[in-house]
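Participant: Okay, predicted coordinates and the sequence, questions at the end:
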Amino acid sequence: MANKTAATTSMKGGGYYSQSTRGAKDVIDNAAPMMMQAVAALPEPEHGQPVRIADYGTADGGTSKKTIRDTVGTLKDRWPDRQIQVTYTDLASNDWSQLFKAMQGLDGSDHTYWTEFPGVFVQGCGIGFHHQLLPDATLDLGFSATAMHYVREVPCLIPDHVHHVGATGAALAAFDRQAAEDWNAILLARAAELRPGGRLVIMSFGKDEADRYLGNTDGVNMFDTFDLHWKAMAGEGLITAAEYEAATFAQVYRTPEEFRAPLLDEGSEVFGAGLRLISAHTGVTACPYRAAFLSNPGMGARAFAKSYIPTLRSWSETVFLNALSSDRPEDERRELVDAFYGRYEDMVAADPEGHAMDYVHSYLAIEKV
């Protein structure tokens, strides 16, 4: 039975996600020039209309806050008197409280554009980006970072791995179909929301031309390691076979060709809806925790492991926690998940060679004609 991603997936809350995912912020910072190019290309909204920005899949807002602030500032440079509306979107399970605390600087963080610039209005939308979230032809600039690899629902459980990258046979085919359908739906929803001349800047996890993907560049494969430890816990009887299978990530890492296809096919619904690909490229962002370890000779392997595992845990924990039977007491479920990540930490501490969560993204700039 398919599981809705909105009901089973969320980032770890309380600010943990942004604090533990420096690499995700590095990706957004790397794409900041794309955002500035998009702002420069926007047509001025009709008289009296605000400029509307949307951040799709924002999590707690911390990783994108500086780029959103710089985008708002650049828009104010272009049109000083124009009001600006920023819409953050994510699942209903998102930590919205932390997002709005950070956006206002109530948590002591910086880049609080809401207090810096006049005439800026902020709102949240707790519905997934597979749906249309804004009225027709009202959006000027859409932005999404490290989010659109999530499929709308898990089409089936993967029997012999935890992720699409390790799937085979019927499970692999089912996930590929779901990913194609969902990418088409995402683009059609954005096409409906965008004004003519509006832009999208998307940074999505994917595979690159060398078939590299998140946590699998030139060292230990992160998802195979997840599977190794989760499967071992099942083999030891700590979790059931059903709980092992239930830990299926609602993710697909599309290839560059899969990202571009509906935007280049003149017969596709997406092309017919007016979306045009301006640019597309892939990029690898080095794991900052691995980089810190390599640049600090005094940092021991255990210290590296303790700094590294939280970035994996920040986005993957809910998959394993939700896979455990609800019949188990909450404390027991959390102890099992702690033990799972403890095994991964011990593995890294014993031999840190090759452990890194390098980010692999497709970067897309898209226009609504």
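Facilitator: Now that the structure is in, tell me what you want to look at.

Participant: now for the helix or strand hosting residue 173, which elements pack on it?
Facilitator: Assessed by DSSP states H and E, residue 173 sits inside helix 169-193. Where contact means 3 or more Cβ pairs under 8 Å, 6 or more residues apart in numbering; DSSP states H and E, helix 169-193 is packed against strand 139-145, helix 256-264, helix 269-272, strand 275-285, strand 359-368. No exception for glycine: its C-beta is placed from N, CA and C like everyone else's.

Participant: most packed of those?
Facilitator: Neighbour counts averaged per stretch over the helices and strands packed on helix 169-193 are highest for strand 139-145, at a mean of 25; criterion: mean count of other Cβ atoms under 10 Å.

Participant: Mind listing the strands it pairs with, and their directions?
Facilitator: Taking DSSP bridges as the criterion, strand 139-145 sits next to strand 51-56 (parallel), strand 194-205 (parallel) in its sheet.

Participant: roughly how far out does the helix or strand following that strand sit from the chain middle?
Facilitator: Next along the chain after strand 139-145, taking DSSP H and E as the criterion, comes strand 153-154. Chain-centre distance of strand 153-154: 16 Å, with Cα atoms, centre = their mean, to the nearest Å.

Participant: now swap in stretch 254-264 and tell me
Facilitator: 18 Å.

Participant: Format the CA atom coordinates belonging to that stretch as PDB.
Facilitator: What follows is stretch 254-264, C-alpha atoms only, in PDB (Å, rounded to 0.1, in the frame of the first residue of the first chain):
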ATOM      1  CA  ARG A 254      16.700  11.700 -11.200                       C
ATOM      2  CA  THR A 255      19.300  11.900 -14.000                       C
ATOM      3  CA  PRO A 256      20.100  15.100 -15.800                       C
ATOM      4  CA  GLU A 257      18.200  13.700 -18.800                       C
ATOM      5  CA  GLU A 258      15.100  13.000 -16.600                       C
ATOM      6  CA  PHE A 259      15.100  16.500 -15.300                       C
ATOM      7  CA  ARG A 260      15.400  18.100 -18.700                       C
ATOM      8  CA  ALA A 261      13.100  15.900 -20.700                       C
ATOM      9  CA  PRO A 262       9.600  17.500 -20.100                       C
ATOM     10  CA  LEU A 263      11.200  21.000 -20.400                       C
ATOM     11  CA  LEU A 264      12.700  20.200 -23.900                       C
END
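
Participant: now what about it, what contacts it?
Facilitator: By Cβ atoms under 8 Å, 6 or more residues apart in numbering, the surrounding residues in contact with stretch 254-264 are 149, 179-180, 183-184, 187, 204, 206-209, 268-271, 275-277, 280, 282, 362, 364, 366.

Participant: about what we covered before: out of the helices and strands packed on helix 169-193, which is closest to residue 319?
Facilitator: Among the helices and strands packed on helix 169-193, strand 359-368 comes nearest to residue 319, with 18.4 Å by Cβ to Cβ.

Participant: Paired strands for the closest one, with orientation please.
Facilitator: Strand 359-368 is paired, per DSSP bridges, with strand 194-205 (antiparallel), strand 275-285 (antiparallel).

Participant: what's the helix or strand containing residue 29 packed up against?
Facilitator: Element membership of residue 29 [criterion: DSSP H and E] is helix 22-30. Identification of packing neighbours for helix 22-30 by 3+ Cβ pairs under 8 Å, 6+ apart yields helix 65-78, strand 139-145, strand 275-285, helix 288-295, strand 359-368.
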